[in-house]
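Enquirer: here you go, sequence then predicted model.
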Protein chains: 2
Amino acid sequence: MDETTVPSRYLQAAVNELSRLPSIGKRTALRLALYILKQDPLFADTLSDAIRDLSKVNYCKTCHNISDGDICDICSSIKRESSVVCVIEDTRDFIAIESTGQYNGLYHILGGVISPINGVGINDLTIENLVKRVEEGNFKEIILALPTTIEGDTTSLYLYKRLSRFGVAINTIARGVAFGDDLEYADQITLGRSILNRVPYCGMSSNKSI
Amino acid sequence: MDETTVPSRYLQAAVNELSRLPSIGKRTALRLALYILKQDPLFADTLSDAIRDLSKVNYCKTCHNISDGDICDICSSIKRESSVVCVIEDTRDFIAIESTGQYNGLYHILGGVISPINGVGINDLTIENLVKRVEEGNFKEIILALPTTIEGDTTSLYLYKRLSRFGVAINTIARGVAFGDDLEYADQITLGRSILNRVPYCGMSSNKSI
C-alpha cells in the first residue's frame, strides 16, 4: 500500500502506527483504522485513552508481575499460601495459571528466559531478586513452570543450581499427554516422558489444589 | 480470560478496548497490550494520538471519499480526467484502484451496496448525490466497479436505471481469469464469463491507462 494512495494523512498515520503492532500488516491496519472511523467518535477516544493509560501500569517490587501498585494483589494477599512460589516467564503465564483456579501460592516473573541468541542474559532477568527472595524468605517449595525449549530448560537448570543450596523443594509442573487427548495423536517426546514420569493410580483425575 | 486474573486494571481496560476491534479476540488483545507495554512509552503515546486523530478525518463533499479537507485531492486536482467517474463501494477499493496507477479519472464512493438483509437502503448510500453529480456535471463515462455479489449486482442495476437517461456511457470493470492464472484453476463462473466477454486479440496485454 503506497503512501500516496491513502486519501488522508490522519488515516495514513493510524495505519502506520497500527501496523507497528505484532502480526498486524498494512492491510489489516487499514481495515482496523477504517473500522474505527466508522464507529462513534467515543470509540476512538476510549481506545486511545486505554492505550495511553498503559504507561500507568506498574510492576510489583516483589514478584515483578504487572501491577497497579508497588506490591501486587497476590503478594499482598493474606489468603495466598506464602510458602510456595511459582517461577514463570511472563504475565501471560500468570493469567493462564490463575485461570485454572488450581494454584494458591505466590509467583515470581522472570521476564523471559536465558537466550544468548536473542541477547537475553542472566542480568536481563529477575533471577538475582528471586535468589534473594528465596534466601531471605521462608519458602518450602519452588515450582519451575518455564517453557520446554532449550532456553527454558537452560534457565530451569541454572535456577536449580542457584536455588538448591537453600534446602527448598524444587519441582517443575507435570508434562504429559493432555487430559482427553488420544495417545495415538500425542507426540513421541510427550508420550515417552509421560510413561517415564508415571504416577500412582488414584482412582480418578487428581483435582486437589495447593 | 477471566477479568479477575488480569493483574492490572489499566491492562484490563486496554485488553477490553483492543478486543472490540474486528478479528481481535481477548487473547490477541492481551498479546498486543503486553507488546505495547514492553515498548518505549513513546510508542503507546504515538499510537494513542494516531487513533484519536482519526476523528479529524473529513469526507469529500463531492465524491464522499475520506479526505483531510472539504474537497479531496482527487476532486480538486487539475491533472485528473474529470469526464470519467468510477463508482466504488469504499475507500479500500479506492486505494486498490489508485495502487494500479492505471486510472486517472474521478471517483464516487457509495459507502456500501444496497442490502435489505443488512438494513442498507438506497438512502443510506450516496446514490442521490451521484445522480445529481452526473445530472449537473459533464461526464462522458461512468465506470461501475462494485462487488460481484447479489447486493453489488442489485446496486449496479439500480444505478444503471437511474443514470442511463443522462446519455453517459456506463461501463463496468472487466472480470475474467486473472493475469498469470492457469485456466484449470479458475472457477467456472469466472472462466465462463471470460469466454462470453472475449475481446479482440491485440498482440499483448493491454496496458494503456485512461
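Expert: Structure's in. What do you need? Numbering: from 1, shown residues only, chains lettered A, B, ... in the order given.
Enquirer: with only the CA atoms kept, save stretch A:90-102 in CSV.
Expert: The C-alpha trace of stretch A:90-102 is given here as CSV (Å, rounded to 0.1, in the frame of the first residue of the first chain):
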residue,chain,number,x,y,z
ASP,A,90,5.7,-13.6,31.9
THR,A,91,2.3,-12.2,32.7
ARG,A,92,0.6,-14.4,30.1
ASP,A,93,1.7,-17.5,32.0
PHE,A,94,0.4,-15.9,35.2
ILE,A,95,-3.0,-15.4,33.7
ALA,A,96,-3.0,-18.9,32.3
ILE,A,97,-2.2,-20.5,35.7
GLU,A,98,-4.6,-18.2,37.7
SER,A,99,-7.4,-19.1,35.2
THR,A,100,-7.1,-22.7,36.3
GLY,A,101,-8.0,-21.9,39.9
GLN,A,102,-5.7,-24.7,41.0
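Enquirer: off-centre distance for it?
Expert: Relative to its parent chain, stretch A:90-102 has a centroid offset of 8 Å by C-alpha atoms, centre = their mean, to the nearest Å.
Enquirer: residues making contact with the lowest-mean-pLDDT helix or strand in chain A?
Expert: Least confident helix or strand of chain A, by mean pLDDT, DSSP states H and E, is helix A:188-196 with a mean of 83. Applying C-beta atoms under 8 Å, 6 or more residues apart in numbering or on different chains, the external contacts of helix A:188-196 come out as A:175-177, A:183, A:186. To be clear about C-beta, it is placed using only N, CA and C from the backbone, and glycine gets the same treatment.
Enquirer: repeat that for stretch A:122-138.
Expert: A:62, A:64, A:82-83, A:85, A:87, A:108-114, A:142, A:155, A:158-159, A:162-163, A:166, A:168.
Enquirer: hmm, try it at 7 Å
Expert: A:64, A:83, A:87, A:108-112, A:114, A:142, A:159, A:162-163, A:166, A:168 (C-beta atoms under 7 Å, 6 or more residues apart in numbering or on different chains).
Enquirer: buried ones from the residues you listed, can you make that a PyMOL selection?
Expert: Under the burial definition 16 or more other C-beta atoms under 10 Å in any protein chain shown, those of those that qualify are selected in PyMOL by:
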select buried, chain A and resi 64+87+108+109+110+111+112+114+142+159+162+163+168
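Enquirer: now, the contacts of stretch A:122-138 that are in strands?
Expert: Using DSSP state E, the members of the contacts of stretch A:122-138 that fall in strands are A:83, A:87, A:108-109, A:142.
Enquirer: count of residues packed around A:Thr149?
Expert: Residues near A:Thr149, counting by other C-beta atoms under 10 Å in any protein chain shown, number 11.
Enquirer: give the contact list for the residue nearest to it when sequence neighbours are not counted.
Expert: Distance criterion C-beta to C-beta, 6 or more residues apart in numbering or on different chains; nearest residue to A:Thr149, sequence neighbours excluded, is A:Val113 at 7.4 Å. By C-beta under 7 Å, 6+ apart, the contact set of A:Val113 is A:89, A:146-147, A:151-152, A:155.
Enquirer: among those, which ones are buried?
Expert: For the contacts of A:Val113, buried by 16+ other C-beta under 10 Å: A:89, A:146, A:151-152, A:155.
Enquirer: please list which of these are also close to chain B.
Expert: Residues of the buried ones among the contacts of A:Val113 in contact with chain B (C-beta under 7 Å from any C-beta of the partner chain): none.
Enquirer: reformat the residues you listed as CSV; add pLDDT.
Expert: Below are the buried ones among the contacts of A:Val113 laid out as CSV (pLDDT from 0 to 100):
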residue, pLDDT
A:Glu89, 94
A:Leu146, 92
A:Glu151, 94
A:Gly152, 93
A:Thr155, 95
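Enquirer: okay, now the domains of chain A?
Expert: What automatic domain parsing lists as the domains of chain A is A:3-56, A:80-173.
Enquirer: which of those is buried the deepest?
Expert: By mean neighbour count, with neighbours taken as mean count of other C-beta atoms under 10 Å in any protein chain shown, domain A:3-56 ranks first of those at a mean of 18.
Enquirer: so what's the gap between that domain and the chain middle?
Expert: Taking C-alpha atoms, centre = their mean, one finds the center of domain A:3-56 at 27 Å from the center of the full chain.
Enquirer: give me the below-cutoff pLDDT ranges for chain A.
Expert: Judged against pLDDT under 70, the low-scoring parts of chain A cover residues A:1-4, A:202-210.
Enquirer: so where do the helices sit in it?
Expert: A:9-18, A:26-38, A:41-52, A:73-76, A:91-100, A:127-136, A:150-163, A:188-196 (DSSP state H).
Enquirer: quick one: list the elements packing against the shortest one.
Expert: Going back to what we said before, that points to helix A:73-76. When contacts are defined as 3 or more C-beta pairs under 7 Å, 6 or more residues apart in numbering or on different chains; DSSP states H and E, helix A:73-76 packs onto strand A:105-109.
Enquirer: what pairs with the strand it packs on, and is each one parallel or antiparallel?
Expert: As defined by DSSP bridges, the strand partners of strand A:105-109 come to strand A:81-88 (parallel).
Enquirer: contact partners of the partner strand?
Expert: Under the criterion C-beta under 7 Å, 6+ apart, residues A:94, A:97, A:103-110, A:130, A:138-146, A:159, A:210 lie in contact with strand A:81-88.
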